[in-house]
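> A structural model of the following input is requested.
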Amino acid sequence: MVTAFDAIHAQSDADADRFRALGWNNKPMLIGSLKLASIRTAPTALRTSNIDSAVSELLSSLTPGWAAVSIHPNEEEVILEAQKLLPNPKPRLILVPRHPSLNSPKIVQVAESVYVVNAMNIVEDVCAWASRGKAMVFVGGSLTRSKHHGGHNILEPLSRGCRVLHGPHMGSFEHLIKNIPLGKARFSVDSAQEFVSHLMASSSSPLLLNVQTSLLDQFLNDGDRILKEVADMIEEMIRARIRV
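Modelled structure (predicted):
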């Protein structure tokens, strides 16, 4: 099947090897992840349009706290246990399932300080909300090993000025996280106690802010480069077709 393509652009050496294993004989061009092209800095901005009104009202009314996004089954148990262990007054916590339940209300308050939001396309807004509170966001799909997922995109919370927590299983995003210093802008957690220790830490470290600013500048530059390379490649292929 892969031989039907005129060109293949891979985001990492590992992906290039997978295409070769599928029968691609030409050399794939290593171009990087298109996810980088979607990153734009907007630390505290909440959308005023194209967002569900109930979700917008919740984010506007709640005192900013911390968030857990793209959550898979079984992960919420560890997250809720961490919330219980936090001292009073507890920060607000918003949970966003990776796959929202169509049979549940859009917003469910499961504890005094915990809200589950069953809605799509709201991660950037929840991250912006959290950036004005604890500035900490957990990105799910990473606490338990699975053949179906290996973490999710941590760039959205980073681009909004949040520190990122993730579990030990981030295999699907190794090509992205390898350039993000562990212990500076992202932290790996594997238990409720580890959640608590990071949530209790200061969120205003000048070193952290400097690291994140440098990372975001790098991501923005890489994203612009990737978009240009893809656009140039497509234009050249179209021109070649026209010439034929």
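> buried residues in stretch 114-126, which are they?
114-119, 122-126 (16 or more other Cβ atoms under 10 Å). Every residue, glycine included, has its C-beta placed from N, CA and C.
> tell me the average confidence for stretch 146-160?
Stretch 146-160 shows a mean pLDDT of 85 in the predicted model.
> buried residues in it, which are they?
Buried, per 16+ other Cβ under 10 Å, within stretch 146-160: 149-160.
> equivalent analysis for stretch 100-113, please.
107, 113.
> same check, this time on stretch 5-22
Quick answer for stretch 5-22 (16+ other Cβ under 10 Å): 8-12, 15-16, 19-20.
> just send those residues back as CSV, with pLDDT too.
Shown next, in CSV, are those (pLDDT from 0 to 100):
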residue, pLDDT
Ile8, 79
His9, 79
Ala10, 79
Gln11, 76
Ser12, 77
Asp15, 80
Ala16, 81
Phe19, 82
Arg20, 84
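> please flag which of the residues you listed sit within helices.
15-16, 19-20 (DSSP state H).
> ok, those residues vs Asp190, which is closest?
Nearest to Asp190 among those: Asp15, at 27.0 Å, using Cβ to Cβ.
> what's the longest helix in this structure?
The chain, longest helix under DSSP H: helix 206-243.
> so how far is the worst-scoring helix or strand of the chain on mean pLDDT off the chain centroid?
The weakest-scoring helix or strand in the chain, judged by mean pLDDT, DSSP states H and E, is strand 29-30 (a mean of 71). Distance of strand 29-30 from its chain centroid, counting by Cα atoms, centre = their mean, to the nearest Å, is 24 Å.
> what's the first helix or strand after that strand?
helix 53-61 (DSSP states H and E).
> now that next one: how far from the chain's centre is it?
With Cα atoms, centre = their mean, you get 21 Å for helix 53-61.
> buried ones in that helix?
For helix 53-61, using 16+ other Cβ under 10 Å, the buried residues are 55-56, 58-59.
> run me through the strand neighbours of the next helix or strand along the chain from that helix, direction for each.
Scanning forward in sequence from helix 53-61 by DSSP H and E, the next helix or strand is strand 66-71. Strand 66-71 pairs in its sheet with strand 93-97 (parallel), strand 136-139 (parallel), by DSSP bridges.
> ok, residues contacting the first one?
Same thing as strand 93-97. 58, 62, 65-72, 76, 79, 83, 110, 113-119, 122-123, 126, 129-130 (Cβ atoms under 8 Å, 6 or more residues apart in numbering).
> on that earlier part again, now tabulate the strands paired with strand 66-71 in JSON lines and tack on distance to Phe173 and mean pLDDT.
Listed next are the strands paired with strand 66-71 as JSON lines, based on distance: least, Cβ to Cβ, whole Å; pLDDT from 0 to 100:
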{"stretch": "strand 93-97", "distance to Phe173": "18", "mean pLDDT": "96"}
{"stretch": "strand 136-139", "distance to Phe173": "9", "mean pLDDT": "95"}
